[in-house]
Structures are given as C-alpha cells and as structure tokens.
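In: return a 3D structure for these sequence lines:
(6 chains)
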4 protein chains.
Amino acid sequence: MIHDCLLTGRSVMKDLTKNKILDVAENHFSKNGYYKTPLDEIVKKSNVSKGGIYFHFPSKENLFLSVMDRLAEKLLSKIQKGNSSIDNPNERLISSLKNLLNILSSQKKLSKLLITQTNNIKSFEKKRSEIFQKFSDVIEKNINESIKINEYPQVNANLLSTIWIGTINEIVFNWIFSNGKPPRDYFEELKFILITLPTTNSREYKNE
Amino acid sequence: MIHDCLLTGRSVMKDLTKNKILDVAENHFSKNGYYKTPLDEIVKKSNVSKGGIYFHFPSKENLFLSVMDRLAEKLLSKIQKGNSSIDNPNERLISSLKNLLNILSSQKKLSKLLITQTNNIKSFEKKRSEIFQKFSDVIEKNINESIKINEYPQVNANLLSTIWIGTINEIVFNWIFSNGKPPRDYFEELKFILITLPTTNSREYKNE
Amino acid sequence: MIHDCLLTGRSVMKDLTKNKILDVAENHFSKNGYYKTPLDEIVKKSNVSKGGIYFHFPSKENLFLSVMDRLAEKLLSKIQKGNSSIDNPNERLISSLKNLLNILSSQKKLSKLLITQTNNIKSFEKKRSEIFQKFSDVIEKNINESIKINEYPQVNANLLSTIWIGTINEIVFNWIFSNGKPPRDYFEELKFILITLPTTNSREYKNE
Amino acid sequence: MIHDCLLTGRSVMKDLTKNKILDVAENHFSKNGYYKTPLDEIVKKSNVSKGGIYFHFPSKENLFLSVMDRLAEKLLSKIQKGNSSIDNPNERLISSLKNLLNILSSQKKLSKLLITQTNNIKSFEKKRSEIFQKFSDVIEKNINESIKINEYPQVNANLLSTIWIGTINEIVFNWIFSNGKPPRDYFEELKFILITLPTTNSREYKNE
DNA sequence: AATGAATGAGACTTCATTCAT
DNA sequence: GATGAATGAAGTCTCATTCAT
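Out: I've put the predicted structure just below:
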C-alpha cells in the first residue's frame, strides 16, 4: 500500500497525481518555456493522460500559473525560514540577500521560469508581478526596520527593494543567458554596494 | 517613374518595403508579443504580401531579431547623443540615467518588447543579452570614469552597471504591468540612491 | 430509515434517482440539444454522479431516447385525456387540434426537443418517427371516424394526418426560431382551413 | 489546360478549389450530418488540405452554412425556372407543388440535409428559417394570386404556405426515416387536398 | 447503488512556410 | 521583387465511457 491511512488515502492519491503533473510541468516549463512545452510532453513524462491533466487543471495556462504559484510559495518560505531566527533587522536584510542568491543559484531552471516567462500573456504578467511583489515586500519590510533603528539612511524603501529585486533579476538573467557567474558569487560585492556603502554613509550622517 | 536612378532606386524601394515591414512588425510584436503576432497580421497591416515578407526576411524569427536590432540601435544612439556634449563623467552618468528613463517612459510598448520577449527562444535570449550588454557598457564606462576622477567609490563598475540595468528594467516592468509610475518619475530618487549616496559616501571616506 | 418497506423502497429510491436524472436531462437536452449537453452538465445539475447515471442508463444515447419516450407519453396522454369525454368524432378532431396546439405552446423547450433533435443519429430518427407516428395515429383515427359519419370528405386520412403533423411542426418551428406566434394562436384559422373548409365542401358534395 | 482564358484563370482556379470543397462537404454533411462529419473526412475526399479549407472558410460552421446557402439557391432557381412559363396562377401553384416534390424526391440526401440539420446551433436554425421562408414566400405569392382571381377561397395565404411547407417537410421526413413513399408519389393526392378541395369549395361559395 | 478520478480517441483550429505564377 | 493560395504538422481542448473503491 502506498498510504497507511485509509481516511486520507483518497486525497493523498489525488494530490499524488496533481503533484506529479505539477512536477513534470515545472520541469518542462522551466527548461523549455511555456510555448515550447506541448501538453503532450507533460502527458508523456507524467504518465497521466491528457484528460487527467484537464481534470486537475482547466487549461494549460492555469497549469502554468499553478506551477508559478507553487514555486513562489516554496521560495518565499525558504527565505522566511532562513530569517526567522535573526533578531537584528540589518542582519536579517543581509541574510535575506544571501538566501535569495543561494536559492536562485541552486535552481537555475526555476530561476529561468520565474524570470522569463511572461510571453505577453496577461495572466502571466500579473502572476509575475504578484510574486515579485511578495519578494519585494519581504525586503522592503526589512529595509524599513533597518531604517527605523538608524542602520540605514532615509531612503524610499519601496524603491530600494525594487532596486534589489531588479538587480537580482538581472544577475540571474546574465547567469542564465550570458554565462555570467551564479548569483551567490555576487553576495559580498552586493552586500557592500547595497548595504555596507549606504549604511556606512548613514553612520557618517549621524556622526556629523 | 518614381525615381530617376535605377541603381539606387531599386534598393531605395527595397528599403521602403523592408522598413514598412519592420515598422508594422515592431508595432505588433511590442503590443502583442512574438507568439501572439501571426505573420498574417503583419501582412494585413503592412500591405506587403506574405511572399514579400519572406523575400526580405528568411523567417519570422529573423524578422523579430531585426526589429530588436533596429530598436536597440535607435535607443542607444539617443542616449549617446544626449551625452556627447557633457564633459564631466559624473554629469554624464546622471545624464545617462535621465535619458534612459525618459526614453523608456516615452515608449511603453517598445520597453515591453525589450523586456519581456525572451520566450525561451535561444536567439531571442542571446539578442536580449547583447542589447542589454550594450546599455550596460555605456553605463559601466561612465562609472569607471567617475571612479577614476574619484567622484565615485571603488566598486565593481560592471556589477554596478548591472544593478542600474536591473533596476531600470524592474521599474519599467512595474510601470507596464503593475500600474507603477513611469520610469522618469523615479529620476530624482534613483539619482540619490545610485549616485549621490555612494558619491557622498566616497567623499566622506576621502575626508577621513 | 426513509422508507419502511425494503422491497419497494429500493425501487422507489431507484426511481427517484432515475427520474431526477431524466428531469435534468430533459431540461438540458431541450435547451441546448444533444451534442451541446455534456453528461457533466447533467451530473452537476442532478447531483447524481457519473457512475450513477451509467448505472441507470447504459449510454448517453439511451438516456436521450428515454427522455424522448417519457416526453411522448406525457404529451400523448394529455391529448387523449382531453378527448376522452367527447363523443362526436368531428368535435374530437377539433379538440385534438386545440389540445395539441395548447400543449406545445405551453412547453416551448420540449417542442424544440421533439422537433429538432435528430442529429443524423439513426436511433434518434427512428424515435422521432415513432413518436410522430403516434400523434399521427390519433389524428388519423379521428379523421377516419369523421369520414365514416360523412362529416369529412373522402380523403386519404393517413396523408391528411401527415399534413396536420407537418403543419403543426412547421408552426412550432416558426414560433421557436423565427419569432412566430405561438401555436395556439393559429387554432381558429387552422380549424377553418383543416376542418371547416373541407367539411363544408363535403356537405356541398352531398347536397348536390 | 483546364481553362482557355488566362485572364480569368486565377479566379476560375480559386472557384475550382472552393467548389470542390463545397461539393464534398455537401455530400458528407447530407449523408452523415454535421457532427458526424469530421473535417478530416472532407480533407481526405476533397484532396484539399486542412489549411486550404480554412483559407476558404473561416470555420466548419461557416462551411456548413455555405453549403446550405448554395443548396437553397439551387433548389429555388429550379422551382422558379419551372414556373416561369406558366401564366395562370393556379396552374403555377400546381406546378410549384409538382416541382418541389420532384426535386426533393430526386435528392434524398440533400432533402435530409435541408430538413434535419439544425442541431441546436443558432446559426443553423436561423439559416433553416431563412431558406424555408424563401420557399414559403414563393408559394404564398402564388396562393395570393390564386385568391385574387377567385380561384382560391379567402384564407390566410401565409398560414397556408406554412401548411404546404410543413406538409412537404413531413412527407420528406417520412420518406427518409420511415420508409415512406417518395414525395412525388403524393402529388395527386396533395393536389386534391391542398388545391382542388378548397378551390372547388370556393366555387361553391361563389355559387351560393 | 453510487462515486469520481482517469482514460484516450478524436475534434477543431492555427500558422510558419512554400511555390507556381 | 512580389503575390497569395495551399500545405500539413502541431497544438489545445472535449467528453463519453470505464473501473477501482
């Protein structure tokens, strides 16, 4: 028997199929992109029939969106878990940067999926915005807390988080498409530019 | 006869047709994306037959790449023209930022084209990298010159230009897809964060 | 327990489910037609599972046929009930016409179902013929009795009943698809053309 | 060469393909119905590629409608041609009946197409109405002229033409689906019931 | 009796590309 | 140089039916 609990067995089974589909879809979408991944490919690799996929997802588009959602949740929870034990906001900011870079570095394909699949499909663009906004929110919150305790100069935290996200995005892009270094290799330098430099500066301000 | 010189006349005619195709293609690709723009749409709007398009461009993919190329050239020359008369490297850096933001703000569709059309097509990704690299190079060069004359702290200019590009990219993205403000509205704040803050800081360093 | 008699209880339950299915099926088939009514629709609206439907009906086709059968029976019994108390054959003929028109007028959807669902499916065509034949038989019988008592001229009663049926069919069609008047509005004029006119004429003949 | 005129050659060629498609479609639709005729069947039998069909017709539905249109035109022109040389309205009425019955008798498949393909598709129902209305109009006009010259009693010509159409429709139906006699076999009896009987009667009226 | 997840054949449609003219 | 009718592979999606539970 696959499961030891008869009561929840059914929903476990259901989730088994659904997750198998999501796994295969995630893999193929991130490797080949939305348009270059025919449903038949997912059918073949998942051993779930076409009808089975459409039983769980109303359309290919919805399947893609579900993949994005699951992925974003996974990444977000990893980042937040990494931060949960850190008290100092500035340390937390540094930790967020490190985690984000590490996680993305370890999942090249998923990074690609997250970053490049917009395809002029409204729902994709909306989803991308949604997800990036969530990452941005985490960072903005940390920046604001750093500002509050005077670790960071008075800047527009929202814009700054946009800078962070855009920067990381671009680094991932270069890594994937221009043989750039993996994101994690930029940690020290990014820390210097994005945190040390302004922070030091803010101390200078205070010293005046 | 429309033209008096048969020799150049022909190529002028050719260029006329070719540019008409490129104009219409640019418009549709940027509005609807690569996959959502059937060649038939370009045929209809350009009044050039399908065979005509295939005479000038070997494939739809090549047409798209040509649109990207032409566009990048246009934007780059605008930026460089704006900088040509400025002597001070730091001023030039500021001017670059301003120009970049202004130009992108005035061409929402083209911004979109430049930013979102990668589509997991190798050649597109390569082209996107190429173009962004050119923008990045301009900025990197200016940063390096600023560093040389001690206007800017000793940072990895290449990484910093990546930050610039990523930031602008993200701002454009938010503008297009999340009803964010147009890029130009961020000029002052970006100038403060990306230039004033590090620059001031570098002066502080020097003052110590 | 819902019922106290296990023996009949079971079949009552069964009939309850079966009739619920038939009700929902009748409604959807008549509204949207055979091909535009997926079984899933009936599942959703009847709260009977797919397996449940297949327990009661071997196929969608059979379900449709059952709907037709039940419907025809309903209509026929209504017509015959209306005629049962009338002695004079000619009066009965008139009453049949009136009833038929009234019943169809009050059930637009069912009329549609009866009239348009042939769909090139052999079994459907056979069923439609069967049903129309039953209606035709009722009318033919009445005509023949009218002829027998010299109320009606000597015509081919079978053909005449076909004329009746075809006429009513066409009137219903126009009502449903061309915003024609409801069948009942034609009663007086139809009575004149189909009964009075020939009847009067037959009297003339006799009077000669 | 297929055609002797180079100038019109192109449009002749175009029509050749289009008509080939229509011919094959007419044949299959009338034999098997709309839903039981996959486009692939038409592709196979017409030797025109799927794309070719979609070049000439925007959808399967539109193709079907075009078949209906062409067919209706063909039949109508045959009927009107048959009537063109007859002066007396009553004779023309009789001729219309005869022609209609004959034409339908000789084209069982097309009759079926015309009569049974409604399928709960709005556009089909509209087209069916349109076509039947045209037939009805021809008959109504003739009836009205017969009434004018006192050959026919004062009845609602519009309703009477509906009776005619419905009758013929029903006879065709019985012929196709219940092994009834072909329409033409009913000519004499229909003439008696639909024309002679009322006409004679109208004379009686006048004689009074 | 009843459930509903899963199947898979088959439907319609799209569209980059070709080629005779 | 240019046309546009024609191709055909490939795509997404539907839905009657099955079967383990």
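
In: quick one, domains of chain A?
Out: A:1-57, A:68-207 (automatic domain parsing).

In: which one of those domains lies nearest to chain D?
Out: domain A:1-57 (18.5 Å; CB to the nearest CB). Glycine gets a C-beta too; all of them are placed from N, C-alpha and C.

In: tell me the pLDDT of the residue of chain A found nearest chain C.
Out: Chain A approaches chain C most closely through A:Phe55 (10.8 Å), counting by CB to the nearest CB. Looking at A:Phe55, its pLDDT is 97.

In: write out the residues of chain A neighbouring DNA strand E.
Out: Near DNA strand E, the residues belonging to chain A are A:13-14, A:16-18, A:47-52, A:54-56 when assessed by CB under 7 Å from any atom of the strand.

In: pull the most distant pair out of those residues.
Out: A:Met13 and A:Lys50 (19.4 Å; CB to CB).

In: how many residues are close by the nearest residue to A:Leu194 once chain neighbours are set aside?
Out: Once flanking residues are discounted, A:Leu194 sits nearest to A:Trp164: 6.5 Å by CB to CB, 6 or more residues apart in numbering or on different chains. Close neighbours of A:Trp164, defined as other CB atoms under 10 Å in any protein chain shown, add up to 28.

In: low pLDDT regions in chain A?
Out: Across chain A, the ranges flagged by pLDDT under 70 are A:1-14, A:200-208.

In: quick one: the helices in it?
Out: All helices of chain A, identified by DSSP state H, fall at A:6-32, A:39-46, A:50-56, A:60-83, A:89-106, A:108-116, A:122-148, A:157-177, A:187-190, A:197-207.

In: the residue nearest to A:Leu194 contacts A:Leu97, correct?
Out: Yes: A:Trp164 lies in contact with A:Leu97 (CB atoms under 8 Å); the separation is 7.5 Å.

In: now the common contact residues for the two.
Out: Counting by CB atoms under 8 Å, 6 or more residues apart in numbering or on different chains, the residues touching both A:Trp164 and A:Leu97 are A:Leu194.

In: could you dump the domains of chain A into a markdown table with distance to B:Ala72 added?
Out: What follows is these, written out as a markdown table (distance: least, CB to CB, whole Å):
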| stretch | distance to B:Ala72 |
| --- | --- |
| domain A:1-57 | 22 |
| domain A:68-207 | 15 |
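
In: of those domains, which stretch is the most buried?
Out: Sort the domains of chain A by mean neighbour count, taking mean count of other CB atoms under 10 Å in any protein chain shown, and domain A:68-207 sits at the top with a mean of 18.

In: does DNA strand F have contacts with it?
Out: No: with CB under 7 Å from any atom of the strand as the criterion, DNA strand F is not reached by domain A:68-207; the gap is at least 11.2 Å.

In: any idea how far that domain is from the middle of the chain?
Out: Computed by CA atoms, centre = their mean, to the nearest Å, the chain-centroid distance of domain A:68-207 equals 9 Å.

In: from DNA strand F, how far off is the closest residue to DNA strand E within chain A?
Out: In chain A, the residue that lies nearest DNA strand E is A:Gly51 (1.7 Å; CB to the nearest atom of the strand). Taking CB to the nearest atom of the strand, to the nearest Å as the measure, A:Gly51 falls 3 Å from DNA strand F.

In: just A:Ile115 next, same as before
Out: For A:Ile115, the distance to DNA strand F - CB to the nearest atom of the strand - is 21 Å.

In: same deal with A:Lys18?
Out: A:Lys18 is 16 Å from DNA strand F, by CB to the nearest atom of the strand.

In: what's the closest non-adjacent residue to that residue?
Out: In space, and not counting its chain neighbours, A:Lys18 is closest to A:His56: 4.9 Å by CB to CB, 6+ apart.

In: contact partners for the one you found?
Out: A:Thr17, A:Lys18, A:Ile21.

In: go ahead and confirm the last one touches A:Asn47.
Out: No: A:Ile21 sits out of contact with A:Asn47 when judged by CB under 8 Å, with a separation of 10.0 Å.

In: relative to chain B, how far out is the nearest residue to A:Lys78 once chain neighbours are set aside?
Out: Nearest non-adjacent residue to A:Lys78, counting by CB to CB, 6+ apart: A:Ile103, 5.5 Å away. Distance of A:Ile103 to chain B, given as CB to the nearest CB, to the nearest Å: 18 Å.

In: A:Ile103 is in contact with A:Lys81, isn't it?
Out: No: using CB under 8 Å as the test, A:Ile103 is too far from A:Lys81 to be in contact (10.7 Å).

In: I'd assumed A:Glu91 was in contact with A:Ser146.
Out: No: counting by CB under 8 Å, A:Ser146 stays clear of A:Glu91, with 9.4 Å between them.

In: and the end-to-end length of stretch A:39-55?
Out: 14 Å (CA to CA, to the nearest Å).

In: do that stretch and chain B meet?
Out: No: legend: contact between stretch A:39-55 and chain B by CB under 8 Å from any CB of the partner chain is lacking; minimum distance shown is 13.3 Å.

In: which residues sit against that stretch?
Out: A:Thr17, A:Lys20, A:Ile21, A:Asp23, A:Val24, A:Ala25, A:Asn27, A:His28, A:Lys60, A:Leu63.

In: residue contacts, the closest residue to A:Ile171 other than its chain neighbours?
Out: Excluding its sequence neighbours, the residue lying closest to A:Ile171 (CB to CB, 6+ apart) is A:Pro183, at 5.1 Å. Residues near A:Pro183 by CB under 8 Å, 6+ apart: A:Leu100, A:Leu101, A:Asn102, A:Leu104, A:Ser105, A:Ser111, A:Ile168, A:Ile171, A:Val172, A:Trp175.

In: look up how far chain B lies from the second one.
Out: Here the distance between A:Leu101 and chain B works out to 13 Å (CB to the nearest CB).

In: what residues are up against that residue?
Out: A:Leu101 makes contacts with A:Ile168, A:Ile171, A:Pro183, A:Arg184, A:Tyr186, A:Phe187, A:Leu190, as judged by CB under 8 Å, 6+ apart.

In: how about stretch A:135-147 and chain B, any contact?
Out: No: applying CB under 8 Å from any CB, one finds stretch A:135-147 separated from chain B by no less than 8.8 Å.

In: so what touches that stretch?
Out: Contacts of stretch A:135-147 (CB under 8 Å, 6+ apart): A:75-76, A:79-80, A:83, A:89-90, A:92-93, A:96, A:100, A:152-155, A:157-158, A:160-162, A:164-165, A:199.

In: 7 Å instead?
Out: A:79-80, A:89-90, A:92-93, A:96, A:152, A:154, A:157-158, A:160-162, A:164-165 (CB atoms under 7 Å, 6 or more residues apart in numbering or on different chains).

In: one more: stretch A:67-82?
Out: Contacts for stretch A:67-82 (CB under 7 Å, 6+ apart): A:22, A:25-26, A:29, A:95-96, A:99-100, A:103, A:110, A:113-114, A:127, A:131, A:134, A:138.

In: most widely separated two among those residues?
Out: Within the contacts of stretch A:67-82, A:Ala25 and A:Ser95 form the most distant pair, 31.4 Å apart (CB to CB).

In: put the alpha carbons of stretch A:149-162 into PDB.
Out: Backbone C-alpha positions of stretch A:149-162 (Å, rounded to 0.1, in the frame of the first residue of the first chain) are rendered in PDB as follows:
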ATOM      1  CA  ILE A 149      16.900  51.700  14.000                       C
ATOM      2  CA  ASN A 150      19.100  54.100  12.100                       C
ATOM      3  CA  GLU A 151      21.100  51.400  10.400                       C
ATOM      4  CA  TYR A 152      20.100  52.600   7.000                       C
ATOM      5  CA  PRO A 153      19.800  56.100   5.600                       C
ATOM      6  CA  GLN A 154      16.400  57.600   5.000                       C
ATOM      7  CA  VAL A 155      15.600  56.400   1.500                       C
ATOM      8  CA  ASN A 156      12.400  55.300  -0.300                       C
ATOM      9  CA  ALA A 157      12.400  51.700   1.000                       C
ATOM     10  CA  ASN A 158       9.900  50.700  -1.700                       C
ATOM     11  CA  LEU A 159      12.100  51.900  -4.500                       C
ATOM     12  CA  LEU A 160      15.200  50.400  -2.800                       C
ATOM     13  CA  SER A 161      13.500  47.000  -2.700                       C
ATOM     14  CA  THR A 162      12.700  47.400  -6.400                       C
END
